[in-house]
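> For reference, the sequence and a predicted model appear below.
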Amino acid sequence: MNGSERYLNYPSQRDVLFVLGAGTSFADGVPLQRELLPMILSGGIEEIDNSEIGKIFKEFIQENFKYNSSTNTYPALEAVFGFFDYFIQHNESLSVKYPLEKIATLKEYLIKLIHYVVNIQTDESSTYYHLFWNSIIEYNKNISILTFNYDDLLEQSFKFLFKKHGYIDYCIPLMNYEDLSELKKFNFWVNPRKPISVKEGEDPSAFKIIKLHGSLNWKYCNCCNQMLLTPWDRRIDLNKGKLLGYTYPEKTEYEYRCPLDGTEFETLIVPPSHLKSLQHPIVSQLSSEASREIMIAKKIVFIGYSMSSSDIHIKALFKKVVKPDQKMIVINTRQRDALELSYESISENVEFIYKSFEEVVSDKELMKRILTS
C-alpha cells in the first residue's frame, strides 16, 4: 500500500534530554579523553608510529613536553591543545622551527590523530546503544540527545529503527539533503524537517542528535560552508592527512573533496582546550539548538559525562537556561565530591545514580523510570 506524506512535528516540550559523555561509548572500547594522548605517544599503533603525521607530532611533543611512558605519565590533552591555542590566538610563533603556520598545522595533526584513534573502535555495532534505543521506543519517544562524543556508535545503533520508528535529525543543514547531480555518488539522507513518506504500520518520530563537539562522519567545506554526512566513511590517511572514502561495492579508495567546489574537506572535531573557539558556524548553530533543547526539557539526564574543567562552555550553556523546576539526573560511575559539586552548581534539583551506562541500559525498570516518571 502506498504511503502518505506528513510532517514529523516536535512537541513543544521535551520529556527527557539525554546528555551523553565519553562514559557511554567506553564500554564499546572507545577511549576516554585522558587515554587519547598516551595511545598516540606510547607506540603500539603501527599506523601512527609509521605515519608522517605521527612522527612529526611526536617530535614536537618530545621537544616541548616531558612525559614518561614507563610510568604512564603524560601531559594532559587539554594542556597540549591549550599550548597550540595560545600561539594561534596571540598570532605568535614559538621558534624558528615552529612558526605560527607550523603550530596551526600541528594542531590539525593532533585532531587527525585523535580522529584516527577514536575511529579504531567504531566499526562494530554497540549492544548497549541498541538497548538504549529499545527503551526509548518502548517507553517514551519524546526525547532529544546532546552528545559530546566524536564516534557514531549512537547513530549506527539507530539503523534498526529507521523508517518504521524514526529518523535522525542532526539539527544542521546537510549536503545530503539536496538532490543535485554533483551529489549523486554520495549517500542521500532524509531531511526529517520536511514531509516524510509514511507507510501503513509505520509510526516514525524525529530524534534530535546534537553533536556539539563534532563527529567522525562529518566532512566540512570551508569554501561553501556546507557539511557532508558520510555515514560509513570515517577513515583518514595519516601520511597525507586526507579524509578517505570508498566506492560501493567496488571499495575503491578516494580522497574526499567537496563535490560542489572541489575544496578539500576538513574534519569537524572540537578538541578539548581551556581556550576553545566556538565561532565555527556549525558549532554555533548546534550551540543554539542545544540551548533551546535544554530550555524546553522537563528532565535532563547526564550519562558518563564528568563536566571537565576544559568544558566550561558546557557549564555556562546549562547555567544560563536551566530552570529550578527542571529535574536533573546524573549517571556516573565515579562518586566524587568534585563531580557532585559541579552539577549542584548548575541546579539543586539533581539526583545522582552511580552506575555505568551499560548497567543502566540493561536495567529496564530504571530506564522506564528515567523515561516516564
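Received it, and whenever you're ready, just let me know what you need. Everything numeric here is computed off the predicted structure, so don't read it as measured data.
> Every contact and neighbour count from this point should use C-alpha atoms.
Fine.
> Report the buried residues of whatever helix or strand Tyr109 lives in.
Taking DSSP states H and E as the definition, one finds Tyr109 inside helix 100-119. Residues of helix 100-119 classed as buried: 100, 102-104, 106-119 (neighbour count, 16 or more other Cα atoms under 10 Å).
> Can you give the distance from that helix to the centre of its chain?
17 Å (Cα atoms, centre = their mean, to the nearest Å).
> C-alpha coordinates for that helix, PDB please?
Only the C-alpha atoms of helix 100-119 are listed here, as PDB (Å, rounded to 0.1, in the frame of the first residue of the first chain):
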ATOM      1  CA  LEU A 100      52.700  30.200  13.600                       C
ATOM      2  CA  GLU A 101      51.800  28.300  10.500                       C
ATOM      3  CA  LYS A 102      53.500  25.200  11.700                       C
ATOM      4  CA  ILE A 103      51.800  25.500  15.100                       C
ATOM      5  CA  ALA A 104      48.400  25.600  13.300                       C
ATOM      6  CA  THR A 105      49.400  22.600  11.200                       C
ATOM      7  CA  LEU A 106      50.500  20.600  14.300                       C
ATOM      8  CA  LYS A 107      47.100  21.300  16.000                       C
ATOM      9  CA  GLU A 108      45.400  19.900  12.900                       C
ATOM     10  CA  TYR A 109      47.700  16.900  13.000                       C
ATOM     11  CA  LEU A 110      46.700  16.200  16.600                       C
ATOM     12  CA  ILE A 111      43.000  16.500  15.700                       C
ATOM     13  CA  LYS A 112      43.500  14.000  12.900                       C
ATOM     14  CA  LEU A 113      45.400  11.600  15.200                       C
ATOM     15  CA  ILE A 114      42.500  11.700  17.600                       C
ATOM     16  CA  HIS A 115      40.100  11.100  14.700                       C
ATOM     17  CA  TYR A 116      42.200   8.000  13.800                       C
ATOM     18  CA  VAL A 117      42.400   6.600  17.400                       C
ATOM     19  CA  VAL A 118      38.700   7.100  18.100                       C
ATOM     20  CA  ASN A 119      37.700   5.500  14.800                       C
END
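> which residues are contacting that helix?
Contact with helix 100-119 is made by 30-31, 36, 39-40, 48, 53-54, 57, 81, 84, 87-88, 91-94, 150-151, 216, 234-236, 238, 241, 267, 269, 271, as judged by Cα atoms under 8 Å, 6 or more residues apart in numbering.
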